[in-house]
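Student: fold the following for me, if possible:
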Amino acid sequence: MDDDRPIEELIQEGYQGLADEMREALDTVDWRSAVQNMAQQHGLTDEQAATLQTAAESAFVGIIDIENIEKGLTDEVGLSPSIAKAISEQFDPLCDEILAAEKKITDRQSRGSSQAPQPDPRLAKESKLLSQYDEQLRQLKDQLADADPQSAKQLQRVIEQKMQIYWKQIVLVQSQFPDSFEGKLAESCYYNLQAVVLIFSSGLMRRMSDRTGGVMGFATGIVAKQQEKSKAIQALALLDKSIAADDGPDSRMDKARIYLMLGQKSQALTEVNYIIDNFPEDEVYLVAREIKDEIENPPKKSGCFVATAACGSPLAQEVILLSRFRDEVLLHSTTGRCFVAFYYRVSPPLAALIAQFGFLRAATRSLLVVPALRLLKAINFLEDSQDYRLK
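Tutor: Residues are numbered from 1 along each chain as shown. Predicted structure coming up:
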């Protein structure tokens, strides 16, 4: 051999280069005992027997040709030509046994492969249909997000029809292939779509209030707020169904956004933390990180000047509730935004005056703050604030 590396390294390299079937065949044939018997049969010394073992191993893993063993035993080991020839001839049936073992292994693997269950071509076609329906609905959902109220009503009817067809296809796949991943994934996508479309539809009235001026626009915004909250709760239930079918990051992210819309930041943080911990390779991971940072580092908001002066603290519950009404209702209608802008222009000097005199603070609480909160209670805005009691 021209390679100067140690024979042990060459043999190991030979083993690594063998096909898996030949490695297994060498393990099933007790060739080492056979070679040892040859050495004993021909009276080889321990050193000569060890050299014969190495030569045999080299031949079986392809480092040297089997035909060269006879010459090597004569030239390098010093055996007589007759003994070297006899040993060489004994290698032929041993090689045949190893090759026969390899063939059995190959045949067994071939039979196992042919007997393995093949994917049902019907499932592939039915799943393709599921994907088509899902894609069509997501395109309609994107159109709904940008549609004007009149066009949105037509889109909703189309979406409702498509959703019915999509669900029937899901039921068909799950009934014919109950263990298929495709059916579970489609079910998860279906509930996710239902939730997202529900949220979009609830936002239509809010957008209508933006286009409506005067008192009517303000009233429409209040009604829209209540409808959005009701539908948000329904959407959360649908997203829980989506996660139960297949726990994916998209439904978790949609839940986080709905919780933020409801002002429930701790629940939103739970969802984004779950995404960060369990889906680090998904593209939604970065969005989850951004939302987490925004929740944990909120911008400072200005409070209600007059209510703060009357109650003595920006952390008073009356101030917090009125600020919530500003952020969640007033700022979502044209009339409301105009009112807020006017209020912030005229209220600072009034608040400064009220804060100086105790009788003005008491009068403002009785004549302005409490009546305003009674109005919010009457329109069900305070239904979540169970711990607040109007005096």
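Student: any idea which helix is longest in this structure?
Tutor: helix 81-115 (DSSP state H).
Student: how far away from the center of its chain is that helix?
Tutor: On the basis of CA atoms, centre = their mean, to the nearest Å, helix 81-115 sits 50 Å off its chain's mean C-alpha point.
Student: buried residues of that helix, list them for me.
Tutor: 83-84, 86-88, 91, 94, 97-98, 101-102, 105-106 (16 or more other CB atoms under 10 Å). The way it works is simple: take the backbone N, C-alpha and C, and place the C-beta from them, glycine included.
Student: same check, this time on stretch 121-137
Tutor: Per 16+ other CB under 10 Å, stretch 121-137 contains these buried residues: 126-127, 130, 133-134, 137.
Student: quick one: low-confidence parts of the stretch 1-150 of the chain?
Tutor: Scanning the stretch 1-150 of the chain for pLDDT under 70 picks out 1-26, 59-68, 109-119.
Student: same question but for the stretch 201-350 of the chain, I mixed them up
Tutor: For the stretch 201-350 of the chain, the ranges with pLDDT under 70 are 201-227, 298-303.
Student: follow-up on the earlier one: after the longest helix of the chain, next one along is what?
Tutor: Beyond helix 81-115 on the C-terminal side, the first helix or strand identified by DSSP states H and E is helix 121-146.
Student: that next one - contacts with which helices or strands?
Tutor: Packing contacts for helix 121-146, counted by 3 or more CB pairs under 8 Å, 6 or more residues apart in numbering; DSSP states H and E, involve helix 149-176, helix 181-211.
Student: how far is it from where the chain is centred?
Tutor: On CA atoms, centre = their mean, the centre of helix 121-146 falls 19 Å from the chain's centre.
Student: ok, so what distance separates residue 241 from residue 126?
Tutor: 22 Å (CB to CB, to the nearest Å).
Student: I misspoke; the intended subject was residue 350.
Tutor: For residue 350 relative to residue 126 (CB to CB), the value is 68 Å.
Student: and if you look at residue 364?
Tutor: 68 Å.
Student: now do residue 171
Tutor: 11 Å.
Student: do residue 98 as well
Tutor: 49 Å.
Student: likewise residue 153?
Tutor: For residue 153 relative to residue 126 (CB to CB), the value is 32 Å.
Student: what strand or helix carries residue 313?
Tutor: With DSSP H and E as the test, residue 313 turns up in no helix or strand.
Student: that one: what's it in contact with?
Tutor: residue 319 (CB atoms under 8 Å, 6 or more residues apart in numbering).
Student: need phi/psi at it.
Tutor: phi -160, psi 140 (degrees, to the nearest 10).
Student: now residue 148
Tutor: phi -70, psi 160.
Student: just residue 283 next, same as before
Tutor: The phi/psi pair for residue 283 (degrees, to the nearest 10) is phi -70, psi -20.
Student: counting neighbours, what do you get for residue 362?
Tutor: By other CB atoms under 10 Å, the residues close to residue 362 number 12.
Student: buried residues in the strand or helix carrying it?
Tutor: Per DSSP H and E: residue 362 is located in helix 358-364. Buried residues in helix 358-364, counting neighbours by 16+ other CB under 10 Å, are found at 361, 364.
Student: so how far is it off the chain centroid?
Tutor: On CA atoms, centre = their mean, the centre of helix 358-364 falls 56 Å from that of its chain.
Student: give the next helix or strand downstream of it.
Tutor: helix 370-378.
Student: against which helices or strands is that following helix packed?
Tutor: Checking 3+ CB pairs under 8 Å, 6+ apart, helix 370-378 ends up next to helix 317-328.
Student: and the next helix or strand after the helix it packs on, what other elements does it pack with?
Tutor: Following helix 317-328 in sequence order, the next helix or strand is helix 334-356 (DSSP H and E). Contact analysis of helix 334-356 by 3+ CB pairs under 8 Å, 6+ apart lists helix 214-245, helix 305-311, helix 358-364 as its packing neighbours.
Student: let me know the angle separating helix 334-356 from helix 317-328.
Tutor: Relative orientation of helix 334-356 versus helix 317-328 (axes from the mean of the first three to the mean of the last three CA atoms, to 10 degrees): 160 degrees.
Student: can you pull the buried residues of helix 334-356?
Tutor: For helix 334-356, using 16+ other CB under 10 Å, the buried residues are 334-336, 343, 347, 351, 354-355.
Student: likewise stretch 178-191?
Tutor: 180, 182-191.
Student: on the three-state scheme, residue 381 is what?
Tutor: What DSSP: H, G, I helix; E, B strand; the rest coil gives for residue 381 is coil.
Student: distance of it relative to residue 156?
Tutor: On the measure of CB to CB, residue 381 and residue 156 end up 27 Å apart.
Student: for residue 35, same thing?
Tutor: 82 Å.
Student: quick revisit: ok, residues contacting the helix holding residue 362?
Tutor: 306, 309-312, 353-355.
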